[in-house]
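[1] dropping a prediction and its sequence here:
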Amino acid sequence: MTRTTAPLRSTYPRLTRAVQTPAKITAGIGDHILFYGRAIAAVPYAAAHYRREVVRLIAEISMGAGTLAMIGGTVVIVGFLTLATGGVLAIQGYSSLGNIGIEALTGFLAAFINVRISAPIVAGIGLAATFGAGVTAQLGAMRINEEIDALESMGIRSVEYLVSTRIAAGMLAITPLYAIAVILSFVASQFTTVVLLGQSGGLYNHYFDTFLNPIDLLWSFLEAVLMALAILLLHTYYGFFAGGGPAGVGVAVGNAVRTSLIVVVSITLLISLAIYGSNGNFNLSG
């Protein structure tokens, strides 16, 4: 087999790569699926046997660890991003609607766009940039330092201890974290419109309350949960199988962040099409 493939590889390198690429892609997808299935299936085991580790990871997800505590934690980063997004939405909405004389509908934009689009995407990006990247770097460093091999040599299930615990912690932390993100986006939009731009508070609250649909909030939370699960699975995979020394860990972090950003936008698109693609669940009235 070696005698046959070696001349072909040297004589027709492009053809050989073109033939091997589909097989490599298929094998990579299979590796991802097997890893994700094992990690998700082991979440109950990890929650039952590694409760202390899950609690530690929840604190690390929320507030950060070490020198980044209280400054670079996921809550702080996501909160700042949603605050900025809500403020920009209010400024742009008030200015654009004012050009046609309907700036009173700024509250409608805050209730509509924050819930359906901006808050889920911003929360997903913040989670990928903070906890997701940190997970990839942690697991990658453990892999190149042979710490994962050491755990397995001691009889500790590495996937359950390192991956499933992080998935369980992320699923427990995403609901209050996303609730904070949505609330801050609402507060930023209202503060910017009422206090900075001078619109009547009663007028803003009227249109905001009229167009804020509780069902949309539930779908938004479901979207955030799916994003968090996808981000955690991707980042743990790239970190768990990192290689090539410290440079390889950096490459793994970059690949994981790029992939998770694509996944965040794709999940938003697919869920929006599935939920709002037929009728939009929207009535312009009030």
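    That came through, no problem.
[2] list the contacts of Val115.
    182, 212-213, 216-217, 220 (Cβ atoms under 8 Å, 6 or more residues apart in numbering). In this view, the C-beta of every residue, glycine as well, is placed from N, C-alpha and C.
[3] could those go into JSON lines alongside neighbour count and distance to Leu105?
    Shown next, in JSON lines, are these (neighbours: other Cβ atoms under 10 Å; distance: Cβ to Cβ, whole Å):
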{"residue": "Val182", "neighbour count": "21", "distance to Leu105": "20"}
{"residue": "Leu212", "neighbour count": "17", "distance to Leu105": "13"}
{"residue": "Asn213", "neighbour count": "17", "distance to Leu105": "16"}
{"residue": "Asp216", "neighbour count": "19", "distance to Leu105": "17"}
{"residue": "Leu217", "neighbour count": "16", "distance to Leu105": "20"}
{"residue": "Ser220", "neighbour count": "23", "distance to Leu105": "21"}
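[4] tell me which of these is nearest to Gly124?
    Ser220 (11.4 Å; Cβ to Cβ).
[5] all helices for the stretch 101-250 of the chain, in order.
    According to DSSP state H, counting those that start in this stretch, the stretch 101-250 of the chain carries its helices in the segments 106-113, 119-127, 133-144, 147-153, 158, 165-190, 201-211, 214-240, 245-276.
[6] quick one: closest of these to Glu53.
    The nearest among the helices of the stretch 101-250 of the chain, by Cβ to Cβ, is helix 165-190 at 4.8 Å.
[7] angle of the closest one against helix 106-113?
    170 degrees (axes from the mean of the first three to the mean of the last three Cα atoms, to 10 degrees).
[8] in helix 165-190, what counts as buried?
    165-174, 177-178, 180-182, 184-186, 188-190 (16 or more other Cβ atoms under 10 Å).
[9] max pairwise distance over the contacts of Val115: which two?
    Val182 and Asn213 (13.1 Å).
[10] coming back round to it: and the helices of the stretch 101-250 of the chain, which is most packed in?
    Comparing the helices of the stretch 101-250 of the chain by mean neighbour count (mean count of other Cβ atoms under 10 Å), helix 119-127 ranks first with a mean of 25.
[11] before we move on, the earlier item: export the helices of the stretch 101-250 of the chain to CSV and tack on mean pLDDT?
    Shown next, in CSV, are these (pLDDT from 0 to 100):
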stretch, mean pLDDT
helix 106-113, 86
helix 119-127, 86
helix 133-144, 89
helix 147-153, 87
helix 158, 87
helix 165-190, 88
helix 201-211, 86
helix 214-240, 90
helix 245-276, 89
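[12] for Ile33, which of these is the nearest?
    Comparing the helices of the stretch 101-250 of the chain under Cβ to Cβ, the one sitting nearest is helix 214-240, at 10.3 Å.
[13] check the offset of the closest one from the chain's centre.
    6 Å (Cα atoms, centre = their mean, to the nearest Å).
[14] now the angle from it to helix 165-190?
    Going by the same axes, to 10 degrees, helix 214-240 makes 140 degrees with helix 165-190.
[15] so which elements touch helix 214-240?
    Applying 3 or more Cβ pairs under 8 Å, 6 or more residues apart in numbering; DSSP states H and E, one finds that helix 214-240 contacts helix 13-41, helix 119-127, helix 133-144, helix 165-190, helix 245-276.
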